[in-house]
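> Turn this into a structure:
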Amino acid sequence: MSIASLKPTGDIAALLTRVPAISPTTRISDVGELFLNDTYARLLSLPVVDKGVPVGSISRYQMINIFLMRFGREIYGAKPVSQVMNAQPLLVPIEQPLDAAAQHVARNIGTPITEDFIITENGRYLGVGIVLDLLRAMEQRVAASTASLAEAYGQLKASQAQLVQSEKMASLGQMVAGVAHEINTPLGYLRNNVEMMQGVFGQLREVLADHDRLLDLMAAESPDEDAIHQQLVKASSASAELRDSGTLDDTEALFKDTLFGADQIKELVVNLRNFSRLDQAKVAEVNLNESLDQTLVIARNVLKNKVEILRRYGEIPPVACSPSQINQVLLNLITNAAQAIEHNEGRLLLKTESDDSHVHVSVQDNGRGIPQEHLQKIFDPFFTTKPVGQGTGLGLSICYQIVQAHGGKLRVASIPGKGSRFVVSLPLATAQAAAA
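Numbering: from 1, shown residues only. Prediction:
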C-alpha cells in the first residue's frame with residue numbers, strides 16, 4: 001500500500017492524501033501492524049470505511065492505550081476495529097473552502113490532537129487530510145493575507161501622503177497672489193534703490209576722474225603748477241560737494257533698505273520652501289512660537305489691513321514633530337480664522353502654553369463662529385460650509401489626522417456671532433522620546 005498526494009485542484013484537494021481505508025471488520029492487531037508501516041508514518045489516524053462511506057477512524061493514540069493495557073493485545077487483538085473506533089470522525093467535503101474547513105476542524109478536533117480528517121466527495125470516501133498540512137496551509141494563507149494587508153497599508157499611506165501634500169499645495173495656491181504681492185513690494189523699492197545708487201556711482205566716477213587727472217598732472221615730467229592748482233581746486237570742490245550733499249549717508253541708508261528688502265524676500269521664499277517640501281516624515285525639535293511666526297509670514301497678505309494679530313506666547317519647550325506638517329495645520333487654522341472675520345475690527349489671538357504633558361497652541365478669532373450643528377462634523381472629510389469652488393472640505397480633516405498622527409489632539413469651541421477657538425495639543429513625550 002502507498003500514499004499518493006493529488007496535484008492541487010482546489011484548497012482542500014491540495015491537501016488530499018490517497019490512502020487505502022480499512023474495513024470495520026479489520027482486526028485491532030492488524031491495525032497495529034499497519035501503523036508500523038512506513039507508508040502510514042505521517043498519519044495520526046486511519047480511516048474506517050464501509051462500502052465507500054466513512055464510518056469512523058482509529059488513532060495511534062487509541063492503539064497505544066490499548067496495547068499499554070495489561071493483556072490489552074490478548075483481550076482486544078482479535079476484535080474488529082469497529083468496537084474501539086471513533087464513530088464520529090472529522091469529515092471535510094472536498095469542495096469546502098480552506099478557511100471553512102479549518103474552522104470546522106478547530107471546533108471539532110479533540111485535545112490532544114490525535115486524528116487527521118477524512119476528505120469526502122458527495123459523502124463518499126476520497127482520502128485523508130493531514131492536520132499538520134492544514135495548519136501549514138493556513139499559515140501560508142495568513143502570511144499571504146498579511147503581505148497583502150501590508151501592501152494595501154503602504155498604498156493607503158502613500159495616498160494619504162499625496163492627499164496631504166495636495167491639500168497643502170492647494171492652500172499655498174490660494175495665497176500665491178498675496179505672496180507675489182508681498183514679494184513685489186520689497187522688490188519694487190529694491191529696484192528703485194538700485195537705480196538711485198546708479199546715479200550716486202556716476203557722481204563718484206566723476207570725482208575719481210578729477211582726482212586721477214590731478215595725479216596725472218602731478219606725475220608729469222614737467223609739472224604745470226597753474227594746471228595742478230586749478231585741478232586741485234576742482235577735485236577738492238567736487239569732493240566737498242559730494243560730502244556736503246549727504247549723498248554718501250543717503251547711499252548707506254539705501255544699502256540698509258536694500259538688504260532689509262532682500263531679507264524680506266528671502267524670508268518669504270524660505271518659508272514657502274519649508275511649507276511646500278515633501279519630506280513630511282522628517283522629524284525635528286521645533287519651537288511652536290517660531291512655527292506661528294513663520295506661518296504668519298506666509299499668511300501676511302490674507303491678514304493685513306483686516307486682522308489685528310495678538311501674540312501671547314508662553315515659554316514653551318520644543319516638540320519633536322514634522323515641521324512641514326505642523327506648519328500646514330497652523331496655516332490652515334489661521335487662514336480659516338481670517339476668512340471667518342467679515343468685519344473691520346478683526347482680532348486673531350495666538351496663544352501658546354505648556355503643562356507637564358503637552359504644548360498647547362490656541363488660534364482664536366472674533367469672526368462669525370460655527371453653528372452648533374456643524375461642530376460635530378467640522379473634522380469630517382469633505383465637509384465644508386464654504387461656497388462651491390472655495391473649499392475642498394479636506395483642510396480641517398487633514399489637520400485632524402496630522403495632529404492625531406503626532407499623538408496629539410485638535411479641539412474646537414465656537415459661539416455663533418462671537419468667534420471660534422481651535423486648540424492644537426502636542427505631547428511632550430514625543431520630544432522626550434526623540435531626545436532620549
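> from here on, contacts and neighbour counts on C-alpha atoms
Fine.
> Not counting its own residues, what contacts stretch 222-242?
Q203, V207, D210, H211, R213, L214, L217, M218, L248 (C-alpha atoms under 8 Å, 6 or more residues apart in numbering).
> in that stretch, what counts as buried?
Within stretch 222-242, the residues that count as buried by 16 or more other C-alpha atoms under 10 Å are I228, Q231, L232, K234, A235, A238, S239, L242.
> okay, the fourth one: pLDDT?
If I follow you right, that is K234. According to the prediction, K234 has pLDDT 84.
> And it, which helix or strand is it part of?
For K234, the host element (DSSP states H and E) is helix 225-244.
> For that helix, what is the distance to the chain centroid?
73 Å (C-alpha atoms, centre = their mean, to the nearest Å).
> ditto for stretch 51-58
57 Å.
> So which bits of it are buried?
Neighbour-count burial for stretch 51-58 flags P54, V55, G56, S57, I58 (criterion: 16+ other C-alpha under 10 Å).
> what about the second one, which SS state?
Using DSSP: H, G, I helix; E, B strand; the rest coil, the three-state assignment for V55 comes out as strand.
> dump the residue contacts of it.
Counted by C-alpha under 8 Å, 6+ apart, V55 has contacts P24, V48, V49, A87, Q88, P89.
> List just the nearest of these to L36.
Nearest to L36 out of those is V48 (C-alpha to C-alpha; 17.2 Å).
> Alpha carbons of whatever helix or strand that closest one lives in, as PDB, please.
In the assignment (DSSP H and E), V48 maps to strand 45-50. Output in PDB follows, covering the C-alpha atoms of strand 45-50 (Å, rounded to 0.1, in the frame of the first residue of the first chain):
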ATOM      1  CA  SER A  45      -5.200   8.000  12.400                       C
ATOM      2  CA  LEU A  46      -6.600   5.600   9.800                       C
ATOM      3  CA  PRO A  47     -10.000   6.000   8.100                       C
ATOM      4  CA  VAL A  48     -12.600   3.200   8.600                       C
ATOM      5  CA  VAL A  49     -14.800   2.900   5.600                       C
ATOM      6  CA  ASP A  50     -17.800   0.600   4.900                       C
END
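> what's in contact with it?
21-24, 54-60, 114-116, 118, 125, 128.
> can we see that at 7 Å?
For strand 45-50, the external contacting residues (C-alpha atoms under 7 Å, 6 or more residues apart in numbering) are 21-24, 54-60, 115-116, 118.
> And stretch 199-213, by the same measure?
A235, A238, S239.
> any chance you could map the helices in the chain?
28-35, 60-68, 72-76, 98-108, 131-174, 176-218, 225-244, 247-276, 288-298, 300-303, 323-340, 372-375, 395-405, 428-435 (DSSP state H).
> most tightly surrounded among the ones you listed?
Among those, helix 323-340 has the highest mean neighbour count (mean count of other C-alpha atoms under 10 Å), at a mean of 22.
> Would you mind giving the orientation angle of that one with respect to helix 395-405?
Note on geometry: by axes from the mean of the first three to the mean of the last three C-alpha atoms, to 10 degrees, helix 323-340 and helix 395-405 are set 140 degrees apart in direction.
> how far out from the middle of the chain is helix 323-340?
The chain centroid and the centroid of helix 323-340 are separated by 18 Å under C-alpha atoms, centre = their mean.
> helices and strands around that helix, which ones?
Contacts defined by 3 or more C-alpha pairs under 7 Å, 6 or more residues apart in numbering; DSSP states H and E place helix 323-340 against helix 247-276, helix 288-298, strand 358-365, helix 395-405.
> Out of the ones you listed, which gets nearest to Q198?
Per C-alpha to C-alpha, nearest to Q198 of these: helix 247-276, 10.1 Å.
> which helices and strands does the closest one pack with?
helix 176-218, helix 288-298, helix 323-340.
> now for those helices, which one comes closest to R42?
Among the helices and strands packed on helix 247-276, helix 323-340 sits nearest to R42 (C-alpha to C-alpha), with 58.4 Å.
> Next, the angle helix 288-298 makes with that closest one.
Going by the same axes, to 10 degrees, helix 323-340 makes 60 degrees with helix 288-298.
> CA-only coordinates of helix 323-340 in PDB, if you can.
C-alpha atoms of helix 323-340 as PDB (Å, rounded to 0.1, in the frame of the first residue of the first chain):
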ATOM      1  CA  PRO A 323       7.700  70.900  10.900                       C
ATOM      2  CA  SER A 324       6.200  70.800   7.500                       C
ATOM      3  CA  GLN A 325       3.000  69.100   8.700                       C
ATOM      4  CA  ILE A 326       2.500  71.200  11.800                       C
ATOM      5  CA  ASN A 327       3.100  74.400   9.800                       C
ATOM      6  CA  GLN A 328       0.400  73.200   7.400                       C
ATOM      7  CA  VAL A 329      -2.000  72.800  10.300                       C
ATOM      8  CA  LEU A 330      -1.300  76.300  11.700                       C
ATOM      9  CA  LEU A 331      -1.600  77.800   8.200                       C
ATOM     10  CA  ASN A 332      -5.000  76.200   7.700                       C
ATOM     11  CA  LEU A 333      -6.300  77.300  11.100                       C
ATOM     12  CA  ILE A 334      -5.000  80.900  10.700                       C
ATOM     13  CA  THR A 335      -6.400  81.400   7.200                       C
ATOM     14  CA  ASN A 336      -9.700  79.800   8.200                       C
ATOM     15  CA  ALA A 337      -9.900  82.300  11.100                       C
ATOM     16  CA  ALA A 338      -9.100  85.200   8.800                       C
ATOM     17  CA  GLN A 339     -11.800  84.100   6.300                       C
ATOM     18  CA  ALA A 340     -14.300  83.800   9.100                       C
END
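> average pLDDT for it?
Taken as a whole, helix 323-340 carries a mean pLDDT of 87.
> Near S354, how many other residues are there?
17 (other C-alpha atoms under 10 Å).
> tell me the pLDDT at it?
Note for S354: predicted pLDDT of 93.
> doesn't S362 make contact with it?
No: using C-alpha atoms under 7 Å as the test, S354 is too far from S362 to be in contact (11.2 Å).
> which residues sit in contact with the spatially closest residue to R42 that is not a sequence neighbour?
Distance criterion C-alpha to C-alpha, 6 or more residues apart in numbering; nearest residue to R42, sequence neighbours excluded, is I130 at 7.8 Å. Residues near I130 by C-alpha under 7 Å, 6+ apart: L43, D116, F117.
> Would you reformat these as TSV and include pLDDT?
Putting the contacts of I130 into TSV (pLDDT from 0 to 100) gives the following:
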residue	pLDDT
L43	90
D116	91
F117	94
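> Among those residues, name the ones in strands.
Judged by DSSP state E, strands contain the following of the contacts of I130: F117.
> that older thread, okay, who's weakest in the contacts of stretch 222-242 by pLDDT?
Out of these, that is L248, at 75.
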